[in-house]
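[1] the following block contains a protein sequence and its predicted model.
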Amino acid sequence: MAKEMLKGNIAIAEAAVRAGVEAYFGYPITPQTELLEHMSKRMIELQRVFLQAESEVAAINMVYGAACTGVRVMTSSSSPGFSLMQEGLSYIAGSDLPCVVVDVMRGGPGLGNILPSQGDYFQITRSAGHGDYHPIVLAPSSVQEAIDLTTLAFDLADQYRHIVIVAADGLIGQMMEPAELPPMQSVRTNRPDWALTGADGRQPNSIASFYLKAEEEEAFNQKIQNRLHEIRDAEQRFVEYYTDDCELLVVGYGSAGRIALSAVQTARDNGIKVGLFRPLTLWPFPEKRLSELTDMIGACLVVEMSAGQMIEDVRLATGGQIPVGFYGRMGGVIPMPDEILQAITTHCRQLKHGEGAFTPLERVNS
Amino acid sequence: MMTTTLNETSTLVYERPHSLAACNTNYCPGCTHGVAHRLLAEAIDELGLRERTILVAPVGCSVFAYKYFNMDGCEAAHGRAPAMATGIKRVQPDKMVITYQGDGDLASIGMAEIVHAAARGENITTIFVNNAIYGMTGGQMAPTSLPGQKTTSSPFGRDTILTGYPVRMSELLSTLDGAAYIVRRSLHDIANIRKAKKAILTALKVQMNGMGFSMVELLSSCPTNWGLEPVEALHWIEHNMIPAFPLGDYKVIAEVRSL
């Protein structure tokens, strides 16, 4: 397949189609609507299921129903819509079902705005609904990565019978850049043995997230926790740049990570020993590698398009051994490379003052 | 499964429908959920649908319905059974998909989902059990509670100035073009139970023939939370509920009449 100019939202939709998604349910919301629109055409052309639901609440519960039948199913939304989906996500988690959800994040809280943001980190990674669980969360920083991670999302969902969220932002969703789509996978025809397909020649299957007895609910929760441990061991993904000799490590994901790379490259040109660590999985957070890097660096600078949410995971991974600074923009403001470069320069200057003199800058924006 | 041994002179006149699981239920004595379950199971048996039916249970007293029926089933979030059923039906249009919902589930928290499933003409069947109260949580005011009805959250009686009026779901849904068959029946006596069974059979045939959304509303008793003896509760349906929720056929499209 050759590279072509693709808009992020459409690339994600088409990647899902080619990953063999059999059913899509969604509700329009900016900045992800092109994803739903692409599905409304392609899924019908391919005689698969597309349905515009009456709300995000209904959409995720339609996903829940379709997931019960063992098909590859997805929905997509943006922050306020994702908030509405938390109920259904919790039931899906409580029923051990696979599904893929795309969140093209926008500014909040409340109605916020339609501009790019990373303000959903907490609500996506911490549980995405009530109860003890985490979805797997994948964070693309380019249209190509959005395609690749969407393909991966369906495989991980099936492999672990788990919710996988592709956490993009309005920038990834709306921008166009050259990218290559994978070949079309055929839609699966076999159904897992737990699927609700009618009890024909077998005992009835039932799917529920309901355990009245505390011991039974605890046993089910333990099963989830065991699976989460397995995922945490096997699926931590990240990309790192200039980490061989860096004194300051910038940590950023998605669009913020990509913009930070420009700043890091300029800083390198200026002789500053700075590197970049860009998580691809937000849950499981790539704590093992970041923990290793902690022994080799003097400080971290976390860059986010939020007030600082992933920074908590960076602090946990670095275990208080090094200072962790922060630079963020909120409300849909995209940080520019020169702002991040200034934050890098300031942090490095403070590092050079020696141990103890470092004061992490919580806010550097003017 | 219970086995019944018949000798040469005896005749089997009554048994558990194959579509009902051989287990005890959590329903209170005198509650008509059991009657509703049996009617639905008999209808599924008679039409030979058990092996291709998927039941979507609600949140409410019938939350365990997916265990009480001997068929594939699942348990939806409160009010979302029509959306969950939509997801199941759209990917498996050859299967029969049934939601079983109470009045709090369907007429309050799930109002949007049931209205839009009906408006889309979603080819599913809903059994709507209306007992004018929240049973599972212990007898609070429901969207179908009658004016003046005392509940644990309307201890002075439902005050229509403060809390409005009962929602009549069959009438409301019958205005939607996607609805093919919407009727209200009652479970308070034998004659009405027989009519309810016939309506459930028709509703399932509507789905079998791909005619659109079908719903049978069943006026049902809740002796425990109404504070009445079982027989008094049946009288209460007849004398208090039916005047507020008249029995009848609210939407029967022409094609259904020819079934």
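    Nice, I can see it.

[2] now the helices for the chain?
    The chain I'm using is chain A. Using DSSP state H, the helices found in chain A span residues A:8-18, A:33-45, A:56-68, A:79-94, A:121-125, A:143-160, A:170-174, A:214-234, A:254-269, A:287-294, A:311-318, A:337-352.

[3] oops, I was thinking of chain B
    B:33-47, B:65-68, B:81-91, B:103-104, B:111-119, B:160-163, B:169-173, B:190-208, B:223-226, B:230-236, B:242-244, B:254-257.

[4] ranking those helices by burial, who's on top?
    Mean neighbour count (mean count of other CB atoms under 10 Å in any protein chain shown) peaks for helix B:81-91 among the helices of chain B, with a mean of 30. Yep, even glycine has a C-beta here, placed from its N, CA and C like the rest.

[5] other SSEs contacting that one?
    Packed against helix B:81-91 by the contact rule (3 or more CB pairs under 8 Å, 6 or more residues apart in numbering or on different chains; DSSP states H and E) you find strand A:23-26, strand A:49-52, helix A:56-68, strand B:53-57, strand B:96-102, helix B:111-119.

[6] and that helix, average pLDDT?
    What helix B:81-91 shows for mean pLDDT is 98.

[7] my read: B:Arg94 touches B:Ile54, true?
    Actually, residue B:94 is Asp rather than Arg. No - the criterion here is CB atoms under 8 Å, and B:Asp94 misses it with B:Ile54 at 11.3 Å.

[8] if we can go back for a sec, reformat the helices of chain B as TSV; add distance to A:Pro80.
    Output for those, formatted as TSV (distance: least, CB to CB, whole Å):
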stretch	distance to A:Pro80
helix B:33-47	38
helix B:65-68	32
helix B:81-91	19
helix B:103-104	26
helix B:111-119	16
helix B:160-163	30
helix B:169-173	28
helix B:190-208	35
helix B:223-226	37
helix B:230-236	44
helix B:242-244	38
helix B:254-257	41
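
[9] what's the closest of those to A:Ile272?
    helix B:81-91 (52.6 Å; CB to CB).

[10] who touches residue 258 in this structure?
    Just going to use chain A. Neighbouring residues of A:Arg258 by CB atoms under 8 Å, 6 or more residues apart in numbering or on different chains: A:Ser141, A:Ser142, A:Gly252, A:Arg278.

[11] how many residues are close by A:Thr197?
    Look at A:Thr197: counted by other CB atoms under 10 Å in any protein chain shown, it has 21 neighbours.

[12] for it, report the pLDDT, please.
    At A:Thr197, the pLDDT value in this model is 98.

[13] residues in contact with the residue nearest to it when sequence neighbours are not counted?
    Nearest-residue entry for A:Thr197: A:Arg191, 5.5 Å, with adjacent residues in sequence omitted and distances by CB to CB, 6 or more residues apart in numbering or on different chains. Contact partners of A:Arg191, counting by CB under 8 Å, 6+ apart, are A:Thr69, A:Gly70, A:Val71, A:Thr197.

[14] can you name the residues bridging to A:Val164?
    A:Val100, A:Ile136 (DSSP bridges).

[15] mind listing what the residue of chain A found nearest chain B touches?
    Going by CB to the nearest CB, chain B is nearest to A:Gly65 of chain A, at 2.6 Å. Residues touching A:Gly65, when contacts are defined by CB under 8 Å, 6+ apart, comprise B:Val56, B:Cys74, B:Ala76, B:Ala83, B:Met84, B:Ala85, B:Thr86, B:Gly87, B:Ile88, B:Lys89.

[16] ok, the nearest residue to it once chain neighbours are set aside to B:Ile127 distance?
    Among residues not flanking A:Gly65 along the chain, B:Gly87 sits closest, at 2.6 Å (CB to CB, 6+ apart). Going from B:Gly87 to B:Ile127 by CB to CB, to the nearest Å gives 19 Å.

[17] run through chain A and note the low-pLDDT ranges.
    A:1, A:353-366 (pLDDT under 70).

[18] at 50 instead, please
    For chain A, the stretches with pLDDT under 50 are A:355-357, A:362-366.

[19] can you give me the domain assignment for it?
    What automatic domain parsing lists as the domains of chain A is A:4-234, A:239-352.

[20] before we move on, back to that, deepest in the core, which of the helices of chain A is it.
    helix A:56-68 (a mean of 30).

[21] quick one, that one and helix B:81-91 angle?
    Taking axes from the mean of the first three to the mean of the last three CA atoms, to 10 degrees, one finds helix A:56-68 and helix B:81-91 inclined to each other by 50 degrees.

[22] up against chain A, what does chain B have?
    B:21, B:50-54, B:56-57, B:63-64, B:66-67, B:69-77, B:80, B:83-92, B:95, B:112-113, B:115-116 (CB under 8 Å from any CB of the partner chain).

[23] dump the residue contacts of A:Cys300.
    By CB under 8 Å, 6+ apart, A:Cys300 lies in contact with A:Leu248, A:Leu249, A:Val250, A:Val251, A:Val314, A:Thr318, A:Ile322, A:Pro323, A:Val324, A:Gly325.

[24] rerun that using 7 Å as the cut-off
    A:Leu249, A:Val251, A:Val314, A:Thr318, A:Ile322, A:Val324, A:Gly325 (CB atoms under 7 Å, 6 or more residues apart in numbering or on different chains).

[25] then B:Lys205?
    So B:Lys205 contacts B:Leu259 (CB under 7 Å, 6+ apart).

[26] gap between it and B:Asn123?
    12 Å.

[27] sorry, back to before: export the contacts of A:Arg258 to CSV and tack on distance to B:Ser214 and neighbour count?
    Formatted as CSV, these follow (distance: CB to CB, whole Å; neighbours: other CB atoms under 10 Å in any protein chain shown):
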residue, distance to B:Ser214, neighbour count
A:Ser141, 49, 26
A:Ser142, 49, 18
A:Gly252, 54, 31
A:Arg278, 53, 23
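
[28] pull the most distant pair out of the residues you listed.
    A:Ser142 and A:Gly252 (13.6 Å).

[29] show me what from chain A comes close to chain B.
    Contact residues (CB under 7 Å from any CB of the partner chain) of chain A with chain B: A:22-23, A:25, A:49, A:51, A:54-55, A:58, A:61-66, A:68-69, A:71, A:87-88, A:91, A:196-200, A:204-210.

[30] what about B:Asp94 and B:Ile54, which has more around it?
    B:Ile54 (30 against 7).
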